[in-house]
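> Predicted model and sequence follow; I will ask about them next.
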Amino acid sequence: MKLSALSRVTVGLGSNMGDRLAALGRALELIREEAGEVTAVSSVWETEPWGFEADEQFLNMVIVMETTREPWQLIQLFRSIEGRMGRRHSGRGSYESRIIDIDILLWEERIISMPGLEVPHPRLADRRFVLEPLYEVAPAAVHPVTGLTVAEMLEMCDDRSDVRLAGQQF
């Protein structure tokens with residue numbers, strides 16, 4: 001039996017419905033139980049909705065984990081966790097409020113393109129709400145397409161939305 005290699009994966013989590021902090025905590029707990037070892041956890045950041053209007057602000061964070069799962073297995077697990085936590089997709093294909101959102105941001109230096117998964121995340125460099133917590137846990141991580149570090153992407157980011165520390169940590 002061949003054992004899968006351990007991969008380092010960077011993951012973004014966000015919530016703007018219900019008890020947002022509890023949703024992030026539960027998602028983190030399920031990821032630890034089912035997906036792999038979490039090796040780094042950012043602070044929690046409060047942010048404006050990005051790409052749509054909503055009454056509630058988001059809480060966002062980034063984790064770094066190690067997993068033996070393949071990319072398609074991990075994204076399926078993350079969609080399962082979202083569903084079990086109550087997330088419903090409208091099917092409209094637009095941004096909307098959500099109880100939990102779990103996205104794979106980086107998978108080591110790999111470029112992955114398959115139905116339902118693009119890594120690095122296609123809008124990673126455009127979103128301060130991802131870059132700020134990502135900078136906390138992996139400032140020297142390199143975007144495998146652009147060759148820029150997280151620190152460089154954050155410095156160059158044009159997104160001026162309100163992104164601030166929420167004061168909570170896990």
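Yep, it's here.

> going forward, measure contacts and count neighbours with C-alpha atoms only.
Will do.

> shouldn't residue 27 be in contact with residue 80?
No. The criterion here is CA atoms under 8 Å, and residue 27 misses it with residue 80 at 10.8 Å.

> Looking at those two, which is more packed in?
Counting neighbours by other CA atoms under 10 Å for residue 27 and for residue 80 shows that residue 27 has the greater number, 22 against 13.

> what's around the closest residue to the more buried one other than its chain neighbours, how many residues?
Among residues not flanking residue 27 along the chain, residue 81 sits closest, at 7.1 Å (CA to CA, 6 or more residues apart in numbering). The number of residues packed around residue 81, counting by other CA under 10 Å, is 20.

> gap between residue 81 and residue 127?
Distance, residue 81 to residue 127, using CA to CA, to the nearest Å: 24 Å.

> residue ranges of the helices in the chain, please?
Applying DSSP state H to the chain gives helices spanning 20-34, 71-84, 128-137, 150-156.

> Relative to residue 159, how far out is residue 64?
Counting by CA to CA, the gap from residue 64 to residue 159 is 23 Å.

> Residue 111: neighbouring residues, count only.
Neighbour tally, residue 111, other CA under 10 Å: 14.

> ok, for it, nearest residue in space, not its chain neighbours?
Nearest non-adjacent residue to residue 111 (CA to CA, 6+ apart): residue 119, at 5.5 Å.

> burial count for the one you found?
22.

> From residue 14, how far out is it?
Per CA to CA, residue 119 is found 18 Å from residue 14.

> For residue 115, find the nearest of the helices of the chain.
Closest of the helices of the chain to residue 115 is helix 71-84, at 9.1 Å (criterion: CA to CA).
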